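> Here's a sequence, model it:
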Amino acid sequence: MLRRLALGALLFATSATLLKSQEPAGRTVVKSFFSPSLGVYKHLLVYLPPSYDRHTDRRYPVVYYLHGVSATEADWLTNGEIDRVADSLIARGMPPMILALVDGDDGWATNWAATPNYQTCLADSAAPWRSQATYCVHTARYEDYMLRDVVPYVDRTFRTKADPRHRGVAGYSMGGYSAVVLTLAHPDVFAAAVSHSGALSLLYAGPRPFVPPPRYETSSDSLASDHQLAPVFGTD
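Numbering: from 1, shown residues only. Coordinates of the predicted model:
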């Protein structure tokens, strides 16, 4: 009996693997474009669904995915396997869509209160997982970057449904904050937002990891003293 159960489990696993391998796969392309808002070239990873190359007259909705602090746009592929997840969901009936994985630095999708020093950033080797050539910017207008550079570039380059009803934005941690704030501030650009563990309570001061009771910053001045958030938000 146990042998028959083991054999059945092996056959089930083998057939599931075969079915998965036979699922049509989309493809991910790497794009580089100049951002006037940041003054540098930026990278963009774009997942195109399996039907994109077969139906050359079809247009698709777009979801923009934003990463967290100290991460990169590639994390959605290497850590989240978002391309394989999309292939699997589309094979099971989800409407196909384009996924744009955005290189957002540690920008919080805001137009910064302070201007970064480009040369100082280039000389900083504290972040070896990044390419300084793309991480360092001349001007830190990350909200403008999303709205005026990234979205128009994707609409120009790919067959998108270029209207807010067919455009959403999602993100993790910092990216979750950015997704919600961008959508609330610009419903004429994004119709939907998804926040995965978003850093939505910027006044939260600890403890980390969380145990009650929570502590919060008591003023914008104390928030601005944070070395990471001060140049981003100033005293706002």
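> measure Ala162 to Leu200 for me?
29 Å (Cβ to Cβ, to the nearest Å). For every residue, glycine as well, the C-beta is placed using N, CA and C.
> How about Ser222?
On the measure of Cβ to Cβ, Ser222 and Leu200 end up 18 Å apart.
> before we move on, what about Glu81?
From Glu81 across to Leu200, the span is 26 Å (Cβ to Cβ).
> likewise Cys121?
28 Å.
> Among these two, which residue is more densely surrounded?
Ranked by neighbour count (other Cβ atoms under 10 Å), Cys121 and Leu200 place Cys121 first, with 15 against 12.
> Tell me what the most centrally placed residue in the chain is bridged to.
Computing the C-alpha centroid of the chain and ranking residues by Cα atoms, centre = their mean puts Leu66 first, at 1.8 Å. Going by DSSP bridges, Leu66 is paired in beta bridges with Val102, Gly171.
> Report pLDDT for it.
Model confidence at Leu66, given as pLDDT, is 98.
> Please name the residues that touch it.
Contacts of Leu66 were listed using Cβ atoms under 8 Å, 6 or more residues apart in numbering, and they are Val102, Gly104, Ala109, Val169, Ala170, Gly171, Tyr172, Met174, Gly175, Gly176, Ser178, Ala179.
> Out of the residues you listed, which is nearest to Trp76?
Ranked by distance to Trp76 (Cβ to Cβ), the contacts of Leu66 are led by Tyr172 at 8.2 Å.
> contacting residues around stretch 175-195?
Stretch 175-195 is touched from outside by 64-68, 104, 108-110, 143, 146-147, 151, 164-171, 196-200, 202, with contacts defined as Cβ under 8 Å, 6+ apart.
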